[in-house]
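J.: 3D model of this:
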Amino acid sequence: MFGIPDSCRIGNTIFKKMFYDNGDLSNADKGLFTKSIDKITWRYCLKPETIHVKPYKADARDYPEIEVIEVVLSEEAKVKRIAEIVMRTIPYPMILLFTLNGKTQIWTAHQRTNQNDSTKNTLEDFVQTGWLDKPELFNVTKLDLTNFFTLYSGIVDVISIRNAREVAPAAALTGEQARELTAKLDALDAQIVLLRSKLKKEIQFNRKMELNLEIKKLETARNQIQGGTPQ
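T.: Numbers count the residues shown, from 1 in each chain. This next block holds a predicted model:
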């Protein structure tokens with residue numbers, strides 16, 4: 001998977017009890033794990049001894065290795081919350097895979113060391129795919145293997161660029177530009193949804209016209225971004 005050498009293979013089951021004991025879970029979280037997850041498996045561990053990539057530690061980031069963990073779901077429910085719990089409980093850079101009905105989602109998130117507790121991590125924004133029939137988006141051996149931070153950054157960039165191309169096929173973007181583009185589109189979509197909700201409740205004709213114009217402007221801005229027009 002992902003061109004990862006077989007020397008990195010682990011294949012061990014991670015029991016839910018580990019998250020119950022160490023994840024500071026609420027009763028609702030425990031119920032989510034019990035109901036929605038069939039199995040959690042530690043698929044691979046990429047570390048210097050197995051893939052010959054150097055660890056990275058600087059600027060509140062500590063990337064000594066990269067884990068690949070698979071969560072087999074029994075249903076699609078609060079996937080983001082499950083991702084947050086898994087990544088916080090296991091404080092290493094992670095390629096997190098969710099599988100359901102033959103499809104796979106890939107979740108990533110850069111992280112920083114918590115300044116108040118070095119055993120904990122602070123997650124940055126999630127970068128993830130939708131449900132994929134074929135999740136082989138990258139081959140780790142063809143990415144930047146300078147250290148685990150550059151390798152993980154390359155994985156995040158591949159997913160970011162793929163996500164951007166789904167909504168703006170004509171755009172030629174770096175990973176950072178791709179994340180900025182999708183963030184802009186997400187913000188515009190949220191504004192459009194909010195205004196449409198207000199429009200449904202509005203009874204004054206003049207205000208309805210104003211809301212319609214605002215929605216049209218936002219839709220035009222969205223179309224321009226998707227078409228590659230600078231904003």
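J.: Could you say which helix or strand holds residue 97?
T.: Assigned by DSSP states H and E, residue 97 belongs to strand 94-100.
J.: For that strand, name the packing helices and strands.
T.: For strand 94-100, the contact count by 3 or more CB pairs under 8 Å, 6 or more residues apart in numbering; DSSP states H and E identifies strand 66-73, helix 79-89, strand 103-113 as packing neighbours. Any C-beta I mention is one placed from the backbone N, CA and C, and that applies to glycine too.
J.: just the helices in the protein please.
T.: Under the criterion DSSP state H, the chain contains helices at 16-22, 27-36, 48-51, 79-89, 148-167, 175-201, 205-226.
J.: Which strands or helices does the fourth one pack on?
T.: For helix 79-89, the helices and strands in contact under the criterion 3+ CB pairs under 8 Å, 6+ apart are helix 16-22, helix 27-36, strand 66-73, strand 94-100, strand 103-113, strand 121-128.
J.: Could you export these to TSV, including columns for mean neighbour count, distance to residue 157 and mean pLDDT?
T.: Converted to TSV, the helices and strands packed on helix 79-89 look like this (neighbours: other CB atoms under 10 Å; distance: least, CB to CB, whole Å; pLDDT from 0 to 100):
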stretch	mean neighbour count	distance to residue 157	mean pLDDT
helix 16-22	14	29	90
helix 27-36	14	30	92
strand 66-73	20	15	97
strand 94-100	21	13	96
strand 103-113	19	10	94
strand 121-128	17	9	91
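J.: These into a markdown table, with extra columns for distance to residue 217?
T.: As requested, the helices and strands packed on helix 79-89 are exported to a markdown table (distance: least, CB to CB, whole Å):
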| stretch | distance to residue 217 |
| --- | --- |
| helix 16-22 | 46 |
| helix 27-36 | 40 |
| strand 66-73 | 40 |
| strand 94-100 | 37 |
| strand 103-113 | 33 |
| strand 121-128 | 27 |
